[in-house]
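[1] Sequence and predicted structure, then a few things I'm wondering about:
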Amino acid sequence: MNAYYLRALNPRTMGWMTAKLIRNAYEAALTMTAMLLCWAAALVLEGAAGLHTDALVLAVALTLTLASTQRTADTRRRLTALVVLPVTAGASIFLGRLIAAHYATGAAVFTVGISLAIWIRRYGPAAAKAGTLLTLPLVALLVVPGPALPPEAQSGLVTWFWSALIGALACCSVWLVQGLGDRFGPWRAEPVREQPPRRSRLHPRPSTRMALQMAAGIAAAFTLGHLLFDDHWPWVVLTAYVAASGNRGRTDVLRKGVERLAGACVGTLLAVGVAAAGVTGHASVALMFAVLAVALWLRPLNYAYWAAGMTCALSLLLGYFGQDAQHLLPTRLEGIAVGVVLSVASAWWVLPVPRRRTAK
């Protein structure tokens, strides 16, 4: 029998995997609870202030992305997030309007912002964490399907004030749920020991190289995304960002790109099955949350699971907004494939970071 399967059938290995799946399920449950709490608060705001449904999407996107970054944060970091995230969430609305009105200018501002958040890692762990907070609303801007909405719905998109308020709600929801989980749950967060900063001998530094790679990939994604996919350019840009983020070398970017593409293919098949079953309305929203929960549970095992879940969930979301999600799925796959190629090309040919080195 193959040695790989012998290791997989080893009782110790199976016990370790079972324990990991249980712990992953607990962490996913915390994130989903925080997300549903923020979603419920945004739902109340939507009804009270007459907001559009994209306010709910923003609440879900911000909470999902924030939860993992705040899991081991201390009080100081959480208070910093409570200040930084609402401000950047509000600013991202202006950026979204700028992209809609002046695409080239807005794309340039987005590219500079996302690259700057990587470049400032050179100033230590605190700057790196602040950079992560700066990127969250920018990533959410790509997830919230503003450009893909019907024209009559775009006039009602969430304003900067409500966006900032939703950012604050996301921080409070994550803080509350994770705090209660640490106090009463079976596991506490396991802080990652921060390594003291070491001066890099590379010139330019790895953080500068990664920022330039990201800038090249994102700029190319904006250009080709608009030329090839019109209003669906966010699919290309989001993939280019995801595959290149946390770049640890050329092989790492290639692996993540392949995993995202493979996961998207599986997610496409799932979405086609859901569309064929005729799931619509509130049932599609409930199914979207269920898919996200499973994707969160399996994400630590392999990024492809998360990519599959997000592709399926986003197709359900577009269907809820009235788009023909099944018809758009092939286009989405094409956009993801283009984003993967661009991120791999920038990592391999724009000042590639040497292997076995991480950013400073």
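    Nice, thanks for sending it over.

[2] what residue ranges in the stretch 251-360 of the chain score low on pLDDT?
    319, 321-326, 353-360 (pLDDT under 70).

[3] which of the residues in stretch 58-77 are buried?
    58-67, 69-71, 73, 77 (16 or more other Cβ atoms under 10 Å). (Glycine included, C-beta is placed from N, CA and C.)

[4] I meant to write stretch 43-60 there.
    Quick answer for stretch 43-60 (16+ other Cβ under 10 Å): Leu45, Glu46, Leu51, His52, Thr53, Asp54, Ala55, Leu56, Val57, Leu58, Ala59, Val60.

[5] thinking again about what came up before, and which of the buried residues of stretch 58-77 is nearest Val112?
    Thr65 (20.3 Å; Cβ to Cβ).

[6] Just give me how far the strand or helix carrying that closest one sits from the chain centre.
    If you go by DSSP states H and E, Thr65 is part of helix 54-70. With Cα atoms, centre = their mean, to the nearest Å as the basis, helix 54-70 stands 9 Å off its chain's centre.

[7] The residue nearest to Ala34 when sequence neighbours are not counted: helix or strand, and which one exactly?
    What sits nearest to Ala34 in space, not counting adjacent residues and going by Cβ to Cβ, 6 or more residues apart in numbering, is Val177, at 4.1 Å. Using DSSP H and E, Val177 sits in helix 160-184.

[8] Tell me which other helices or strands the host helix or strand of Ile118 touches.
    Assigned by DSSP H and E, Ile118 falls within helix 103-119. Counting contacts by 3 or more Cβ pairs under 8 Å, 6 or more residues apart in numbering; DSSP states H and E, helix 103-119 is packed against helix 75-101, helix 125-143, helix 206-229.

[9] what does that helix rub up against?
    Helix 103-119 is contacted from outside by 95-96, 98-100, 131-132, 134-135, 138, 141, 207-208, 210-212, 214-215, 218-219, 222-223, 226, 237, 241, 359, using Cβ atoms under 8 Å, 6 or more residues apart in numbering.

[10] Could you export that helix as PDB, CA atoms only?
    C-alpha atoms of helix 103-119 as PDB (Å, rounded to 0.1, in the frame of the first residue of the first chain):
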ATOM      1  CA  TYR A 103     -12.000  54.300 -13.900                       C
ATOM      2  CA  ALA A 104      -8.300  55.000 -14.600                       C
ATOM      3  CA  THR A 105      -7.800  57.400 -11.700                       C
ATOM      4  CA  GLY A 106      -9.700  55.200  -9.300                       C
ATOM      5  CA  ALA A 107      -7.700  52.200 -10.300                       C
ATOM      6  CA  ALA A 108      -4.500  54.100  -9.800                       C
ATOM      7  CA  VAL A 109      -5.500  55.200  -6.300                       C
ATOM      8  CA  PHE A 110      -6.600  51.600  -5.400                       C
ATOM      9  CA  THR A 111      -3.300  50.200  -6.700                       C
ATOM     10  CA  VAL A 112      -1.300  52.700  -4.700                       C
ATOM     11  CA  GLY A 113      -3.300  52.100  -1.500                       C
ATOM     12  CA  ILE A 114      -3.100  48.300  -1.600                       C
ATOM     13  CA  SER A 115       0.700  48.400  -2.400                       C
ATOM     14  CA  LEU A 116       1.300  51.000   0.400                       C
ATOM     15  CA  ALA A 117      -0.300  48.700   2.900                       C
ATOM     16  CA  ILE A 118       2.400  46.100   2.000                       C
ATOM     17  CA  TRP A 119       5.300  48.500   1.800                       C
END
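
[11] buried set for that helix?
    Gly106, Ala107, Ala108, Phe110, Thr111, Gly113, Ile114, Ser115, Ala117, Ile118, Trp119.

[12] Residues in contact with stretch 34-50: which ones?
    By Cβ under 8 Å, 6+ apart, stretch 34-50 touches 51-53, 55-56, 58-60, 62-64, 67, 162, 165-166, 169-170, 173-174, 176-178, 289, 292.

[13] quick one: average confidence on it?
    What stretch 34-50 shows for mean pLDDT is 89.

[14] all helices for the stretch 251-360 of the chain, in order.
    281-298, 303-320, 325-349 (DSSP state H, counting those that start in this stretch).

[15] looking at those helices, which is buried most?
    helix 303-320 (a mean of 24; mean count of other Cβ atoms under 10 Å).

[16] starting at the chain centroid, how far to that helix?
    The answer for helix 303-320 is 12 Å, by Cα atoms, centre = their mean.

[17] who does that helix touch, helix- and strand-wise?
    So helix 303-320, by 3+ Cβ pairs under 8 Å, 6+ apart, packs with helix 250-277, helix 281-298, helix 325-349.

[18] Between helix 250-277 and the second one, find me the angle.
    Between the axes of helix 281-298 and helix 250-277, defined by axes from the mean of the first three to the mean of the last three Cα atoms, to 10 degrees, the angle is 150 degrees.

[19] nearest residue to Ala170 other than its sequence neighbours?
    Nearest one to Ala170, counting by Cβ to Cβ, 6+ apart, is Leu62 at 4.1 Å.

[20] oh sorry, the question was meant for Ala304
    Closest to Ala304 by Cβ to Cβ, 6+ apart is Gly263, at 3.7 Å.

[21] May I have the residues that are in contact with the one you found?
    Gly263 makes contact with Tyr303, Ala304, Tyr305, Trp306, Ala307, Ala308, Gly309, Met310, Thr311 under the criterion Cβ under 8 Å, 6+ apart.

[22] and the buried residues of stretch 43-60 as CSV, adding distance to Leu269?
    Putting these into CSV (distance: Cβ to Cβ, whole Å) gives the following:
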residue, distance to Leu269
Leu45, 36
Glu46, 32
Leu51, 34
His52, 31
Thr53, 27
Asp54, 27
Ala55, 31
Leu56, 27
Val57, 24
Leu58, 28
Ala59, 29
Val60, 23
